[in-house]
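Trainee: The sequence and its predicted three-dimensional model are supplied below.
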Amino acid sequence: MKKSKSSLKRRISMIYISLIFIIVALGAISIYSLSNISAYVGSLITTNYNSIERIAEMDAALKEQRQDMLLYIYSSEEDNSIESFQKHYDTFMSYYEKEYGTIVIPEEMSFIVQIKNEYDEFAEMFQILQTFDTSNPNSDQFEKALIYYEKTILPQYDKTLSELKKLKTSNETALFARRDDTYSIIQNTTYLLCFLFIFTAITSFVTFRYYINKLFGPLYELTQNLKSVRQGNLNRKVIIQDTDELGSLCNEFNNMTQRLSEFEKSTLGSLMEEKNKTYAIVKSITEPMLILDANYNVTLMNDSFERLLFSPISENVNAHFLDAMAQSCFSSAAAKINYRAAEYWNGVIKINHNWKPAYYNVMVSPISQNGNGQNKFVIIVFYDITEMKLLEKMRTDFIATISHEFKTPLTSIIIGADLLGNCSIGQMNKEQREILETIKDDSQQLNVLVNDLLELSKAESSNIIYQFKFISIESALEKCTKQFLPRAKNLGVDIEIVPYENLPKVYADFSKIVWVLNNLVSNALKYTSSNGKIKLSAMPLNNFIKICVEDNGKGIPDEFVEKIFDKYVQVPGCDIETRGTGLGLAVAKDIITAHKGRIWCESDISKGSRFYFTLPINDIKFI
């Protein structure tokens, strides 16, 4: 056994040593050749190529200066032309100095010196040109300036360009010469590498043909048997006569397949039993339900869900969740289901089932594997809440109808009470006057209740129309404050707006936001004593604007801070006269929620309350 193991190791070692030797030799020759090429190419780029670029920049600067001279003659903005000429002069000299520092060839040194002489003379001509008065196109000075430009400056400009061209031609000649040298080195290196590649290919082919049957035959047979085992065939055996390491590996493989076969026989029955139990449980659930795998493909669904999809289960199993829903009544609502949620998620969706609206509360329960956060499968259950939604709509419609019916007689009662109090048909005694005032107060309070009910019905209705546009929060605060200033003055309460500069605009319904502010300020006035203070403020907070209505009144008990936004909730311990309907804050919450914001309260007994709500800045995604 030891000799056979050593034999196998020796064969593999000889192959690797031979290949390593060839690779090292090939790599050394390639590195040496590439270093020579790199030296030539580096010299080629860093000298002549960069020099050509600098000459091109000087050429461009010279042409721009010629344009500046023309603009000086014909344009009235002489200062701009002079400034532009100086700017291009600095550019030209900057590239000239760089080029002068890299010249090593005597011939090119004479070119660069001549360029400097010609350019200096060209630049001095512009100074002479400035002595002419070109402001009047019909003057003699203007004609002399043109003649000087055409007869003197242009020839000097051409001479400077000619010297630049000579230097550029010299660099191009040197560049092409080095290119030819580089091509020669590359060609010789290519021949050498081709020879080594051919030699390596022939050697590798001979080695491969020699060892293919001796070394890789057993590996190929073992691979085929592994594929067969993966497909469920555990009766495959590997037949091999060698007693080396491959022989030991094949023997271990045969032992492994035998043990797997025995294990499968002992556990297959229990696994199938558990699978059938799970399938029976899913089928027995009356609510529509389906199970997705880690890739969100449908693995199982019950009969209730099959009836919703109007397609057999066999057509949807192994299909992606969105593909399975695409041909059903859930096609438009499927995108609203967060089936990829990492945690428990539920939401209400609306569909058209059998040409009628239907509502479902969708619950998504992801099940992770070993607590690693990666979903193993997802359970989705659909609870039909259509009846509940219809009852809720009937309740809302009933409240809206009753409120509308109350509105007209209440208005008549209020107007009638006012007329009775102001008419002069007779003198009323004290008791009559008190009864009339009681009628007016109760009618006003009942009118407030009806208005709140109407506003609540609108807020709860899915058909409510918001007039969204970009609005200024400062304008909303000012409008709200202006309405309550007379009432606050009579109560001895000070209303103040805390300014904040440059508040961004929000995309909201101006009238609804003012309504929310009015409700909060009205509540603050009810519970703030004389000499109290109410402050309205707004400030940015991340991607929102946070608005605050703060008072120093009685405050709200801790147990009611969260409940006051529910319908018909009133804080106990207050006078009957100051209590509201218990609907205003509920309506305010619905309005702020529709604006994708949040409303909450903070309060301290005997110190006051702070009502906050947020509005998204420039957020039009919910239109």
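Mentor: Noted; the coordinates are in hand.
Trainee: Tell me the bridge partners for the nearest residue to Ala319 once chain neighbours are set aside.
Mentor: Of all residues not flanking Ala319 in the chain, Val298 sits nearest, at 5.5 Å (C-beta to C-beta, 6 or more residues apart in numbering). For the C-beta atoms, the positions are set from N, CA and C on the backbone; glycine is no exception. Beta-bridge partners recorded for Val298 (DSSP bridges): Leu292.
Trainee: isn't Val298 right next to Met325, touching?
Mentor: No: checked against C-beta atoms under 8 Å, the pair Val298 and Met325 is beyond contact range at 9.4 Å.
Trainee: Neighbours of the residue nearest to Ala319, how many?
Mentor: 23 (other C-beta atoms under 10 Å).
Trainee: Kindly indicate whether Glu108 is helix, strand or coil.
Mentor: Recorded secondary structure, Glu108: helix (DSSP: H, G, I helix; E, B strand; the rest coil).
Trainee: and it, what does it touch?
Mentor: 167, 170-171 (C-beta atoms under 8 Å, 6 or more residues apart in numbering).
Trainee: Tell me the buried residues within those residues.
Mentor: Among those, those that count as buried by neighbour count (16 or more other C-beta atoms under 10 Å) are 167, 170-171.
Trainee: out of these, which are inside helices?
Mentor: 167, 170-171 (DSSP state H).
Trainee: how about the helices in the stretch 351-500 of the chain?
Mentor: Ranges of helices in the stretch 351-500 of the chain, per DSSP state H, counting those that start in this stretch, are 386-422, 430-460, 473-491.
Trainee: Show me which residues of the shortest one are buried.
Mentor: Neighbour-count burial for helix 473-491, counted by 16+ other C-beta under 10 Å, picks out 473, 476-477, 480-481, 484, 488, 491.
Trainee: can I assume Ala342 sits in a strand?
Mentor: No: secondary structure of Ala342 (three-state DSSP): coil, not part of a strand.
Trainee: pretty sure it is touching Pro366, no?
Mentor: Yes: the pair Ala342 and Pro366 qualifies as a contact (C-beta under 8 Å) at a distance of 6.3 Å.
Trainee: Those two: which is more packed in?
Mentor: Set side by side, Ala342 and Pro366 show more neighbours around Pro366, with 22 against 11, by other C-beta under 10 Å.
Trainee: Next, the contact list for the more buried one, please.
Mentor: Neighbouring residues of Pro366 by C-beta under 8 Å, 6+ apart: 341-344, 375, 377-379.
Trainee: hmm, 10 Å instead?
Mentor: With contact set as C-beta atoms under 10 Å, 6 or more residues apart in numbering, Pro366 has these partners: 292, 294, 338-345, 373-380.
Trainee: Tell me the first helix or strand C-terminal of the strand or helix carrying Val113.
Mentor: Using DSSP states H and E, Val113 sits in helix 106-129. Next helix or strand after helix 106-129 toward the C-terminus (DSSP H and E): helix 140-148.
Trainee: tell me what that following helix is packed against?
Mentor: helix 50-74, helix 106-129 (3 or more C-beta pairs under 10 Å, 6 or more residues apart in numbering; DSSP states H and E).
Trainee: Return the most buried member of those.
Mentor: Compared across the helices and strands packed on helix 140-148, helix 50-74 shows the largest average neighbour count, a mean of 18 (mean count of other C-beta atoms under 10 Å).
Trainee: same for it, what does it pack against?
Mentor: Applying 3+ C-beta pairs under 10 Å, 6+ apart, one finds that helix 50-74 contacts helix 78-102, helix 106-129, helix 140-148, helix 154-211.
Trainee: Format those as a markdown table; extra columns: distance to Glu437 and mean pLDDT.
Mentor: Putting the helices and strands packed on helix 50-74 into a markdown table (distance: least, C-beta to C-beta, whole Å; pLDDT from 0 to 100) gives the following:
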| stretch | distance to Glu437 | mean pLDDT |
| --- | --- | --- |
| helix 78-102 | 82 | 84 |
| helix 106-129 | 96 | 83 |
| helix 140-148 | 95 | 85 |
| helix 154-211 | 101 | 78 |
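Trainee: so which of the ones you listed comes closest to Ser609?
Mentor: Of all the helices and strands packed on helix 50-74, helix 78-102 sits nearest to Ser609, with 65.1 Å by C-beta to C-beta.
Trainee: For the residue nearest to Ala319, give me its contacts.
Mentor: 290-292, 305, 309, 313, 315-321, 323-325, 380.
Trainee: which element is the residue nearest to Pro357 when sequence neighbours are not counted on?
Mentor: Spatially, and ignoring its direct neighbours in sequence, Pro357 is nearest to Lys350 (6.1 Å; C-beta to C-beta, 6+ apart). Lys350 belongs to strand 345-353 when elements are defined using DSSP H and E.
Trainee: ok, that strand: who's next to it in the sheet?
Mentor: Strand 345-353 has these strand partners (DSSP bridges): strand 356-368 (antiparallel).
Trainee: Now do the buried residues in the partner strand.
Mentor: By 16+ other C-beta under 10 Å, the buried positions in strand 356-368 come out as 358-364, 366.
Trainee: Could you tell me how far it lies from the centre of the chain?
Mentor: Remark: strand 356-368 is offset 27 Å from the chain centroid, using C-alpha atoms, centre = their mean, to the nearest Å.
Trainee: May I have that strand as CSV, with CA atoms only?
Mentor: The C-alpha coordinates for strand 356-368 follow below in CSV (Å, rounded to 0.1, in the frame of the first residue of the first chain):
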residue,chain,number,x,y,z
LYS,A,356,-67.8,42.7,-6.7
PRO,A,357,-65.3,44.5,-4.4
ALA,A,358,-63.7,42.3,-1.7
TYR,A,359,-61.4,43.1,1.1
TYR,A,360,-58.7,40.8,2.5
ASN,A,361,-56.5,41.2,5.5
VAL,A,362,-53.2,39.6,4.3
MET,A,363,-50.8,38.2,7.0
VAL,A,364,-47.3,37.3,5.9
SER,A,365,-45.3,35.1,8.3
PRO,A,366,-41.6,34.5,7.3
ILE,A,367,-40.0,31.5,8.9
SER,A,368,-36.2,31.7,9.1
